[in-house]
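Trainee: just coords:
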């Protein structure tokens with residue numbers, strides 16, 4: 001230390017520190033390290049200029065994320081060196097095998113992840129405007145027993161500061177900055193730099209191109225995210241909460257993949273209403289318990305757009321397939337409005353006419369089938385309690401069943417559904433020279449069904465049980481249906497009454 005004399009050239013005092021230190025329980029930029037070592041030379045000859053009047057030579061610093069004991073091998077190490085010379089900065093950082101599970105900034109987002117990251121970065125610029133830029137590689141990772149491939153990313157972080165107000169010059173000619181204004185600092189909501197990311201993650205399933213994140217409380221984002229056969233089954237498994245009751249069988253797993261490009265033109269953390277995004281899907285396949293859904297890609301699907309506080313869904317057709325081989329197609333289009341505060345649905349789905357002839361070979365003992373099935377569904381109102389309006393129609397039905405004395409002809413059925421129940425509003429058919437009419441209802445309670453009923457009226461049914469005997473029947477029957485009990489698939493037998 002010197003105040004005055006030949007060493008104090010700038011007249012504000014002189015400080016020279018030569019430090020060799022061992023560190024414990026280090027906290028740095030929100031990250032915790034068990035221990036580390038530091039070798040530093042610090043010469044401050046123009047104190048009135050702040051750190052811009054100092055020469056700092058950080059010969060080496062090493063920080064260790066995990067040190068099991070004093071003699072144990074460290075797990076996850078960061079090495080670095082840096083220099084500050086009259087405000088100019090330069091340096092290097094090496095990251096070696098840092099466990100992802102011990103990175104504090106990831107702990108809340110991915111609490112259980114096994115894997116590590118390594119890389120190299122360089123520091124350049126000055127105290128007010130600098131850049132940290134480098135390349136990083138992550139090993140294949142295990143998240144909730146789900147394995148994801150290796151990743152590579154190029155990351156650049158910039159710091160920009162407004163010009164400091166100078167209130168004078170030091171004796172050595174360096175500017176003297178005004179005192180720190182805490183109130184002005186807290187009022188300043190502008191960006192003070194960018195985080196830029198380019199890379200390929202999880203063995204190329206996710207690509208990030210020119211992703212830019214502003215460094216401010218109201219973070220802004222722009223860039224492109226590319227999905228290349230992203231494993232939706234793995235994502236579903238990672239997002240599934242652990243079972244609360246081990247005696248209940250887990251739901252069947254989801255399988256599938258998605259390919260497409262997400263273009264982020266404008267996205268702000270605090271202003272979702274003015275976001276502008278486009279997602280252009282190229283393929284989508286989902287399967288569960290033998291049921292399959294696939295996006296039809298001819299013609300090329302139009303992008304899904306987020307704009308003006310709404311998600312706009314163009315007409316998109318999906319091919320459906322049931323385990324028994326029954327196939328169909330559904331077209332979905334519409335919008336979700338007011339997504340930033342109280343989402344409202346305006347979504348329509350329509351089932352393309354299905355030729356009921358495909359039921360032959362699927363339904364046991366069905367010898368012949370013709371006719372069509374089609375339907376529609378409208379979802380409206382608040383997303384938390386949507387209004388449901390669904391319709392299914394069977395037209396021109398004609399069925400022959402092995403062992404049944406007559407074919408079932410002129411089948412016409414209308415089914416409607418809303419949030420509270422499913423109803424057969426019309427059901428007509430001709431059978432054995434007579435007519436049959438159907439009506440019924442099944443109440444809905446969320447995703448569960450309640451006790452329903454089915455009414456059957458038959459008129460003029462003529463049967464010939466044996467040669468020379470003719471029987472004409474009229475009947476009015478009611479079938480009471482019982483819902484599953486106790487959360488199991490077991491149900492009581494239906495109860496049949498009538499004349």
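Mentor: Structure's in. What do you need? Source: prediction; values computed, not measured.

Trainee: Tell me where the stretch 251-400 of the chain has strands.
Mentor: Assigned by DSSP state E, counting those that start in this stretch, the strands in the stretch 251-400 of the chain fall at 255-268, 276-288, 291-295, 304-307, 310-321, 327-337, 344-355, 366-382, 387-401.

Trainee: closest to residue 413 out of these?
Mentor: strand 387-401 (4.1 Å; CB to CB). From N, CA and C alone the C-beta is placed, and that goes for glycine too.

Trainee: and the next element down the chain from the closest one?
Mentor: Per DSSP states H and E, the first helix or strand lying C-terminal to strand 387-401 is strand 408-417.

Trainee: how far does that following strand sit from the chain's center?
Mentor: 40 Å (CA atoms, centre = their mean, to the nearest Å).

Trainee: quick one on the thing from earlier: could you dump the strands of the stretch 251-400 of the chain to TSV with distance to residue 22, mean neighbour count and mean pLDDT?
Mentor: As requested, the strands of the stretch 251-400 of the chain are exported to TSV (distance: least, CB to CB, whole Å; neighbours: other CB atoms under 10 Å; pLDDT from 0 to 100):
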stretch	distance to residue 22	mean neighbour count	mean pLDDT
strand 255-268	45	17	96
strand 276-288	50	17	95
strand 291-295	59	16	93
strand 304-307	52	18	96
strand 310-321	55	16	94
strand 327-337	57	16	94
strand 344-355	61	17	93
strand 366-382	60	16	92
strand 387-401	67	16	92
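
Trainee: So which of those is nearest residue 114?
Mentor: strand 255-268 (23.2 Å).

Trainee: Each with direction, which strands does the closest one pair with?
Mentor: strand 220-231 (antiparallel), strand 276-288 (antiparallel) (DSSP bridges).

Trainee: Need the ones you listed in TSV (columns: distance to residue 24).
Mentor: Conversion of those to TSV gives the following (distance: least, CB to CB, whole Å):
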stretch	distance to residue 24
strand 220-231	38
strand 276-288	46
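
Trainee: so residue 362 sits right up against residue 324, yeah?
Mentor: Yes - contact criterion CB atoms under 8 Å: residue 362 and residue 324 qualify, at 4.8 Å.

Trainee: picking that back up, so can I have JSON lines of the strands of the stretch 251-400 of the chain showing distance to residue 207?
Mentor: Shown next, in JSON lines, are these (distance: least, CB to CB, whole Å):
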{"stretch": "strand 255-268", "distance to residue 207": "9"}
{"stretch": "strand 276-288", "distance to residue 207": "13"}
{"stretch": "strand 291-295", "distance to residue 207": "20"}
{"stretch": "strand 304-307", "distance to residue 207": "19"}
{"stretch": "strand 310-321", "distance to residue 207": "23"}
{"stretch": "strand 327-337", "distance to residue 207": "27"}
{"stretch": "strand 344-355", "distance to residue 207": "30"}
{"stretch": "strand 366-382", "distance to residue 207": "33"}
{"stretch": "strand 387-401", "distance to residue 207": "38"}
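
Trainee: Between these, which one is closest to residue 411.
Mentor: strand 387-401 (2.7 Å).
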